[in-house]
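> sequence below, structure please.
(2 chains)
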Amino acid sequence: MSRYYVNKFLFTVDRDPELLRRYKEDPRALVTSWEQAIGPQLNSVEFSTVNGFTDAEREALINHDIVALFEMGAHFFLSLTIFIAIYDQDWTAKYGPLSFQRDFAKRLAHWEGRDYPPVGE
Amino acid sequence: MAKLAAVLATTHHPFYLKATTAPADQQIPEAPEWKRKVEAYRETLTRAEPEILVMVGADHFHQFFLDNYPQFLIGKAPRYDATFYNEEREFGIPKYVLEGHEDLSRFMHRGLLDRGFDFAFSDELKLDHSIICPIITTRPQADLPVVPIYTNIFAPPLPSPKRFWDLGRAIREIIDEYPSDKRIAAIGSGHLSLELGGPRQFRETGPDPEFDRQAIEWLSTGNIEAILANVTHESMARSGNATHGFMDLILMMGIAGPIKAVYADSLSLFHTMEAYITWYPEGATQ
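Predicted coordinates for the structure are as follows:
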């Protein structure tokens, strides 16, 4: 499990409007290109060879699978902010304010009262 | 020596500006009361007549990430930009440029190192909503030089609640020793019980209203013994996965000392409790 790399994906995509647009429109293509071009970057010159996704992580990111990402220990703030960016406007127009956020919570209801998966340490 | 004129501890709600500046017919029902409470709280800073602001906040993965995340960091720059793209996108927070106070930053950094707090530092820090929200609520003219201090309440493993208290005490000593006739106010923002990206998020109240009630009482009575006896990383996690932001409020009480607040107010919003606490250290003008 590469929790770090999953978080790096969420972090780098959330802060870049063009990547975010591509992640919304064609997540599989964006995840593939992120793995090739962005994930390994340390900066504009240096690259790292040490990280990679597991198949389950890649699929969770491609499928916008909020539950799987929570269970893998993706950081709660990164997960919330990126999926709000992708879904909130459409859900608000259809179902009203905060409808996406409340549905997001409902999908994780089975974790209430239990210790959450660790997001660090 | 400098004068510590006021210490303010507040929650930072990024939707305040948007909620209270929307056309009246589009505002949430709580907006007018929210605005009144914020303006009353702002007055507790205004009447202290501050000239420099020491601002405590926490980067929410805007500038810092898990490849290099500082436990504690001080800004030493002449100016600070805010806001990040994804905060403008999500919260509607505008851009700002705040003046820095390089001399106090350097004095503070040296003083912290001398007291055993091995701070990271940045000469090019961009501020996120943890500092800009309190500027919007308590000093909207954004006209005073700032010394920003970032803590890690977000990327485990985190420093302990006691460490945040001790850091507040150290900051207080350094402000008291700063050779200047300036009036300094310290403003810090954090959270009460809060859930983000989890099953308890965005309910009608925060995830643990009883913790919120207790926390406000502890802060307003200066009861650090009760806080340190009751608040742990585990207890905060039980109260909500982002409740660790309470440690920044503990830090602010550390700057004030274990004294009663002169002002304490709160507001229950749709998924969180807002808190507004002000201490005037002994001798400060009220």
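> all contacts plus neighbour counts: C-alpha atoms, from now on.
Fine.
> OK, now which residue of the stretch 51-200 of chain B is nearest to chain A?
residue B:199 (4.1 Å; Cα to the nearest Cα).
> chain neighbours aside, what residue packs nearest to that residue?
Nearest in space to residue B:199, with sequence neighbours left out and distances taken as Cα to Cα, 6 or more residues apart in numbering or on different chains, is residue A:105 at 4.1 Å.
> wait, what's in contact with the one you found?
Residues counted as contacts of residue A:105 (Cα atoms under 8 Å, 6 or more residues apart in numbering or on different chains) are B:197-202.
> same deal with residue B:271?
Taking Cα under 8 Å, 6+ apart as the test, what residue B:271 contacts is B:194, B:201-207.
> of those residues, just the buried ones, PyMOL syntax please.
The following PyMOL command selects only the buried members of the contacts of residue B:271, with burial defined by 16 or more other Cα atoms under 10 Å in any protein chain shown:
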select buried, chain B and resi 194+201+202+203+205+206+207
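> which of the contacts of residue B:271 are close to chain A?
B:201-203 (Cα under 8 Å from any Cα of the partner chain).
> most distant residue from the centre of chain A?
Among the C-alpha atoms of chain A, the one most distant from their mean position (Cα atoms, centre = their mean) is that of residue A:45, at 25.3 Å.
> about what we covered before: what's the closest of the ones next to chain A among the contacts of residue B:271 to residue B:268?
residue B:203 (11.2 Å; Cα to Cα).
> how about the residues of chain A by chain B?
A:4, A:8, A:11, A:14-16, A:70, A:76-81, A:85, A:98, A:101-102, A:104-112, A:115, A:119-121.
> give me every residue that touches residue B:148.
Residue B:148 makes contacts with B:54-57, B:74-75, B:131, as judged by Cα under 8 Å, 6+ apart.
> mind putting those residues into CSV with neighbour count and distance to residue B:91?
As requested, those are exported to CSV (neighbours: other Cα atoms under 10 Å in any protein chain shown; distance: Cα to Cα, whole Å):
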residue, neighbour count, distance to residue B:91
B:54, 22, 24
B:55, 23, 21
B:56, 26, 20
B:57, 28, 17
B:74, 24, 25
B:75, 26, 24
B:131, 24, 14
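> adding distance to residue B:254, write the residues you listed out as JSON lines.
Formatted as JSON lines, the entries for the contacts of residue B:148 read as follows, by distance: Cα to Cα, whole Å:
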{"residue": "B:54", "distance to residue B:254": "14"}
{"residue": "B:55", "distance to residue B:254": "14"}
{"residue": "B:56", "distance to residue B:254": "12"}
{"residue": "B:57", "distance to residue B:254": "15"}
{"residue": "B:74", "distance to residue B:254": "17"}
{"residue": "B:75", "distance to residue B:254": "20"}
{"residue": "B:131", "distance to residue B:254": "18"}
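> just the ones in helices from the residues you listed, please.
In helices, defined here by DSSP state H, the members of those are residue B:131.
> which one of the contacts of residue B:148 sits closest to residue B:250?
residue B:56 (11.2 Å).
> what's the pLDDT at the closest one?
On pLDDT, residue B:56 comes in at 98.
> right, and it touches residue B:171 too?
No: taking contact to mean Cα atoms under 8 Å, the distance of 10.7 Å between residue B:56 and residue B:171 leaves them out of contact.
> and the longest helix for chain A?
Within chain A, and with DSSP H defining each element, the longest helix by residue count is helix A:76-95.
> identify all contacting residues around that helix.
For helix A:76-95, contacts defined as Cα under 8 Å, 6+ apart pick out A:7, A:10-11, A:13-14, A:20, A:24, A:64, A:66, A:69-70, A:97-101, A:119, B:60-61, B:89-90, B:196-198.
> filter these down to the buried ones.
Counted by 16+ other Cα under 10 Å, the contacts of helix A:76-95 give A:7, A:10-11, A:13-14, A:20, A:24, A:64, A:66, A:69-70, A:98-101, A:119, B:60-61, B:196-198 as buried.
> residue B:133 contacts residue B:18, doesn't it?
No: checked against Cα under 8 Å, the pair residue B:133 and residue B:18 is beyond contact range at 11.3 Å.
> neighbour-wise, which of those two wins?
For residue B:133 versus residue B:18, neighbours defined as other Cα atoms under 10 Å in any protein chain shown are more numerous around residue B:133 (23 against 14).
> re earlier: tell me which of the residues of chain A next to chain B fall in helices.
Taking DSSP H as the definition of helices, the residues of chain A next to chain B contribute A:4, A:8, A:11, A:14, A:70, A:76-81, A:85, A:101-102, A:104-107.
> show me which of those are buried.
In those, burial by neighbour count holds for A:4, A:8, A:11, A:14, A:70, A:76-81, A:85, A:101-102, A:104-106, counting by 16+ other Cα under 10 Å.
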